[in-house]
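Visitor: Generate coordinates for the sequence data below:
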Amino acid sequence: MKLIKPSWLRHSGENKDFEVYSCHVSPDGKRLATAGGDGHVRVWSTESIYRADDSYTEPRQLCHMSHHLGTIHSVRFSPNGRYLASGADDKLICIYHLDNSAPSNVPSFGTNEPPPVENWKTYKRLVGHDNDVQDLAWSYDNSILVSVGLDSKVVIWSGHTFEKLKTLAVHQSHVKGITFDPANKFFATASDDRTIKIWKFTPPPPNATQHDMVNNFVLETTISSPFKSSPLTTYFRRCSWSPDGNHIAAANAVNGPVSSVAIIERARWDSEINLIGHEGPTEVCIFSPRLFYTKRPPPNGTANGANTPNLVTVIASAGQDKTLSIWNTNTSRPLVILQDMASKSISDLAWTPDGQTLFVASLDGGIVAVKFEVGELGWVATAEENDKALQKYGVSRKGMGIPEDVDGLHLESLSKEGELQGAKERMGALMGDVEGPKKGKKAIGTTTTNGSKPAESSTNGETDGTSKPSKEAEQEKQETPEQAAKRREELKARVTITKDGKKRIAPLLVSSSTAGQSSLPQSQLVGAGFTKANRVETPGIVLDMSRPYDGLPRGGLTTMLLGNKRKAGAMDGDEDEESSKRAATGPVPIMVDGGESLEPATLTAPVHGVVPTPEFLRPAVINPSLAVSQIRLAVPKVRSHILRPLRGGILQEETALEEASKVPETIVLEARNPVHAREPSRIMATKRGALLWQDFLPRAIILVTGNKNFWAAACEDGSVYFWTPAGRRLTNPLILESQPVIVESREHWLLCITSVGMCHVFNIKTMSSPHPPVSLGPILDLAITSLSPHSAPNIGPSVTSAHLDSQGHIVVTLSNGDGFYYASNMYCWQRLSESWWAVGSQYWNSNDSSLSALQTTAVGPVSSKKDSEANVSAGIIPYLERHTTTEFLFKGRSYTLQRLHKTLLAKDGFEGFESSVSIAHLENRIAGALALGSKVEFARYLFMYAKRIGAEGLKPKVEELLNSLVGGVLQEGGQGSDAGKGWFGQEATLCGWDRKELLKGVVLTLGKFRDLQRLTVQYARLVDLTNSENGAAEGNESTMDLEE
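Guide: Just a heads-up that it's a prediction; the model follows:
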């Protein structure tokens, strides 16, 4: 290995060296392009870098371009080497191409730049981003260029015309990395919203437009697990796809509290491998473009498959720790670690096409070439090995929906062979060179045209007014191939003599050589009895002028006002035969007279196609109470078809029937509403296409839900119906004050939220309700919203989700990020999660005091795993906090609170602000877990809280916590005998845990803080922890099972 760092290889200014943000090597390996903070793109000769210590006399810098107005963040050569693209913080992308004409030898005025050797000219300037362009990537077939930036957009450009094809605005934060699948099926984008999104695409043709790309570039999946707590301080998130197409390397991932590089597996799109070793966040990782053998391969490829060495990929990673690490897939440790490669962060890496040299760019302005000797990384495999590895992903096949397995590709090949053979047969039949289908086989694709049947199947039919005996027909059928060939040759060899005496071969009509086998339209023979008088002359539509006519002519208002152009013959009544066959086109009715009143007209199939079923039929009938209600929630529209599958006892989201029927055990609940409001609605359950039960309801159904215990449906008149799994009605319809807008089920519980904001909870098992209907008004900011009758309605936060836990408690999330829980015993709402904690608490999305760490200090519970209350509401608080993060932080609404937070930290009297908010956040978590009965989360948050207040030395809180866990054992007897609950209760358990066992865990957690030992030793004696033998035995025998 050799490190080369020429002193002249940098972006030099008058007073300093500018940062180098990007570098890339051309496909031929002869040029190195770099981009820096000086706004220049420089192209260097790689040969001059390799021979920097020699007396190299050729030009070192081949060209420099300064067509950007700011810092350039990315520079990339196209795979064919024809173009060079650069993106900068001026929101522009410049495309350069190498002009064959000689460059100007005059240096730029006012600069010390050497005269250019190559003439790179600006070919295009692309405008499509609203903020800095952070990264660029070309597809491997040069068909598209993709750019990403700080505007959260992914912009796709044509690689031929450089027109904008599509803009993908799906990421919720800055997009800082892009990489392409070498099989040309996917590309991946990395963003500060802590996700990587995989996009599936089909390479567009050279003349593609935005309209053609409507159904292209589809989101395949979103990967978030390796990045849930990754820092947002990196300048880039440059990811890379392996040359064999199997893996994606993603920078700035985390494994617990440690920075890592996540390796994502193709097709499964999950990360089970992490490259750990960097001390700081990684900015860039890149696979070598070639595969490597682990051992020296035999010469001339004489080895058989059994003795061929294994193939591995090599990856380089670097970042803010200024360290370069190089790994391969055959070892668990890095092959090479180069520390202190630069004095600032490493911003980009670039391999040469042969995979033996790596260029490193950093923000200190330096560019280093790391040149490896043969065998140091392995032995480079040929380019054919890359192609073989990509064959299983269909690298040479184009089209949407390409299967990703070998069996699918094999089936595709067989299908294409069959299509090719069929095309050959049809073309041969058309030209008279190939025999028709063999005897005994039916011709696939034989169609009847203009109502006529194929000649083979009609032996007794009329032909030119005569009929052939069946024997002659059979003889014709039994014509040998030799006779048929002879007949065709005679027909083809028709020699004619023109007027000037020259011989010409008369052309042969297709129908004469392939009678009865041609795929061209056949002429229809018309009988003598058919005349024009036999045509129906009655009008197509008769209008009843005695009734109101509500309809528009074909073409709408324009046609009704301006009229239609019609033939003169049609005006005089002399319509020809062709026009008579035209289907009658009349007005399209909008409403029809139903006898008593006007009703919506039924949908009819048009002449030239089928009208698809509309998504909804009409708006639901609105209850008058909604007009005067302080809360107004949107009422679902009446849809023609509602379908929800029940899979494994869990109700899935609405989907199509074909998708729901893929799993045989799925029970599909369907609701069908009629077009006319007078007709009944139908609800049914099916399994494997067989009807389990059905029922009819008098009003339209707007919402359905269910589980393995019951089914429920809500109608537009505010009624709710219940059925058993077998379809038996459980109770009379429940009549609510307005239409339900949210209906959710959980075990035997049902939640209905109406359009006026009232929440109803029903227990179907006990036929009761745990509390009266409760309003959403308090959590929708009614307390701080003006309700003036003369002003327009105020738009408050909206409800994003509403769920029930296993005890029937309502859990609601809002669009402002807040999460609430209704405490039925206190008849009020409690806020469990809010954005205040997200900005001020140190425990938001924190990995501190994880389960593995807790199990080393906590001891086991008395309750067994059979306890049904062990996992009540487990996971609700983390779910609400993740929702807050998504709604508030990732959508850019945290700027105000962040500024407030920074301002308060700088003021006098707020030195302990962050610590106080963090402790309050833990106390809020503990109170929420106790109210919900969440056993696992209560113990987790309790130990985190004990550890924090112990570290802060808050003796009063420590003493109060320990005294509460004792449950009144140390209290004086004269303080009263009123039985309390929770912290003030006298029972032996607290939130499902034995108080004594919780006390042991807390005492063990606080035992390491010496300034509190005088207090904690007293409680340790209560639980027999001071005896070293007993304490050690109990601590080793049982650990608190938090995964229960």
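Visitor: can we go C-alpha only for contacts and neighbour counts from here?
Guide: Noted.
Visitor: so how many other residues sit close to the closest residue to Leu98 other than its chain neighbours?
Guide: Residue nearest to Leu98 in three dimensions, not counting chain neighbours: Trp120, with 4.5 Å by CA to CA, 6 or more residues apart in numbering. Neighbours of Trp120 under the rule other CA atoms under 10 Å: 22.
Visitor: do the same with Gly912
Guide: The burial count for Gly912: 9, using other CA under 10 Å.
Visitor: now swap in the one 5 residues further on and tell me
Guide: If you count neighbours by other CA under 10 Å, Val917 ends up with 18.
Visitor: so it, which of the three states?
Guide: helix (DSSP: H, G, I helix; E, B strand; the rest coil).
Visitor: Make sure it is actually in contact with Val839.
Guide: No - taking CA atoms under 8 Å as the definition, Val917 is not a contact partner of Val839, at 9.5 Å.
Visitor: Give me the pLDDT value at Leu69.
Guide: The model reports Leu69 with a pLDDT of 88.
Visitor: Look at it and give its secondary structure.
Guide: Leu69 - assigned by three-state DSSP - is coil.
Visitor: now the one 5 residues further on
Guide: Applying three-state DSSP to Ser74 yields a three-state assignment of strand.
Visitor: beta partners of it?
Guide: Beta bridges link Ser74 to Gly87, judged by DSSP bridges.
Visitor: Wasn't the residue nearest to Leu98 part of a strand?
Guide: Yes - under three-state DSSP, Trp120 falls within a strand.
Visitor: That one and Phe77: what is the separation?
Guide: With distances taken as CA to CA, to the nearest Å, Trp120 is found 12 Å from Phe77.
Visitor: Doesn't Trp365 belong to a strand?
Guide: For the record, residue 365 is Gly, not Trp. No - the assignment for Gly365 is coil, going by three-state DSSP, so no strand is present there.
Visitor: quick one: it and Lys16 touch, right?
Guide: No - contact criterion CA under 8 Å: Gly365 and Lys16 do not qualify, at 9.0 Å.
Visitor: Comparing those two, which residue is more hemmed in?
Guide: Ranked by neighbour count (other CA under 10 Å), Gly365 and Lys16 place Gly365 first, with 22 against 10.
Visitor: who's in contact with that one?
Guide: 10-11, 17-20 (CA atoms under 8 Å, 6 or more residues apart in numbering).
Visitor: and with 6 Å instead?
Guide: Going by CA atoms under 6 Å, 6 or more residues apart in numbering, Gly365 touches 10, 17-20.
Visitor: ok, these vs Leu1006, which is closest?
Guide: Glu19 (49.1 Å; CA to CA).
Visitor: now the stretch 851-1000 of the chain, which segments are flagged as low pLDDT?
Guide: 851-874, 888-902, 905-906, 968-979 (pLDDT under 70).
Visitor: Kindly reformat the contacts of Gly365 as JSON lines containing pLDDT.
Guide: JSON lines is the format used below for these (pLDDT from 0 to 100):
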{"residue": "Arg10", "pLDDT": "87"}
{"residue": "Asp17", "pLDDT": "83"}
{"residue": "Phe18", "pLDDT": "89"}
{"residue": "Glu19", "pLDDT": "91"}
{"residue": "Val20", "pLDDT": "93"}
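Visitor: Which members of those residues occur in helices, if any?
Guide: Among the contacts of Gly365, the subset assigned to helices under DSSP state H is empty.
Visitor: Including distance to Pro636 and neighbour count, could the residues you listed go into a markdown table?
Guide: Formatted as a markdown table, those follow (distance: CA to CA, whole Å; neighbours: other CA atoms under 10 Å):
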| residue | distance to Pro636 | neighbour count |
| --- | --- | --- |
| Arg10 | 63 | 22 |
| Asp17 | 62 | 17 |
| Phe18 | 59 | 21 |
| Glu19 | 56 | 23 |
| Val20 | 55 | 29 |
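Visitor: Can you find the helix or strand of this protein with the lowest average pLDDT?
Guide: Sorted by mean pLDDT, DSSP states H and E, the helices and strands of the chain end with helix 851-854, the least confident at a mean of 35.
Visitor: buried ones in the next helix or strand along the chain from it?
Guide: Using DSSP states H and E, the next helix or strand after helix 851-854 towards the C-terminus is helix 876-884. Buried positions in helix 876-884, judged by neighbour count with 16 or more other CA atoms under 10 Å: 876-877, 880-884.
Visitor: Ala677: which of those is nearest?
Guide: His883 (39.5 Å).
Visitor: How many residues are close by the closest residue to the closest one other than its chain neighbours?
Guide: Leaving out its chain neighbours, the residue that sits closest to His883 by CA to CA, 6+ apart is Gly817, at 6.3 Å. Applying other CA under 10 Å, we find 21 residues neighbouring Gly817.
Visitor: could you say which helix or strand contains Gly817?
Guide: Going by DSSP H and E, Gly817 is not in any helix or strand.
Visitor: you'd agree it is up against Thr885?
Guide: No - between Gly817 and Thr885 there is no contact under CA atoms under 6 Å: 7.2 Å.
Visitor: how far does stretch 946-957 stretch from start to finish?
Guide: Span of stretch 946-957 from end to end, CA to CA: 9 Å.
Visitor: Which positions within stretch 951-967 qualify as buried?
Guide: Quick answer for stretch 951-967 (16+ other CA under 10 Å): 958, 961-967.
Visitor: nearest to Leu643, of the residues you listed?
Guide: Leu965 (50.4 Å).
Visitor: ok, now how distant is the closest one from Ala946?
Guide: Counting by CA to CA - Leu965 and Ala946 are separated by 12 Å.
Visitor: now do Leu832
Guide: 20 Å.
Visitor: Looking at those two, which one has more neighbours?
Guide: Each of Leu832 and Ala946 has its neighbours counted (other CA under 10 Å); Ala946 has more, 24 against 21.
Visitor: following the one helix or strand that one maps to, which helix or strand comes up?
Guide: Using DSSP H and E, Ala946 sits in helix 935-952. Using DSSP H and E, the helix or strand that follows helix 935-952 in sequence is helix 955-966.
Visitor: burial of Leu145, as a residue count?
Guide: The number of residues near Leu145, taken as other CA under 10 Å, comes to 22.
Visitor: Now do the phi/psi pair for the nearest residue to it once chain neighbours are set aside.
Guide: In this structure, Leu145 finds its nearest non-sequential neighbour in Trp138, 4.6 Å apart by CA to CA, 6+ apart. As for Trp138, its main-chain torsions (degrees, to the nearest 10) stand at phi -100, psi 150.
Visitor: Can you get me a residue count around Trp138?
Guide: Using other CA under 10 Å, Trp138 is surrounded by 23 other residues.
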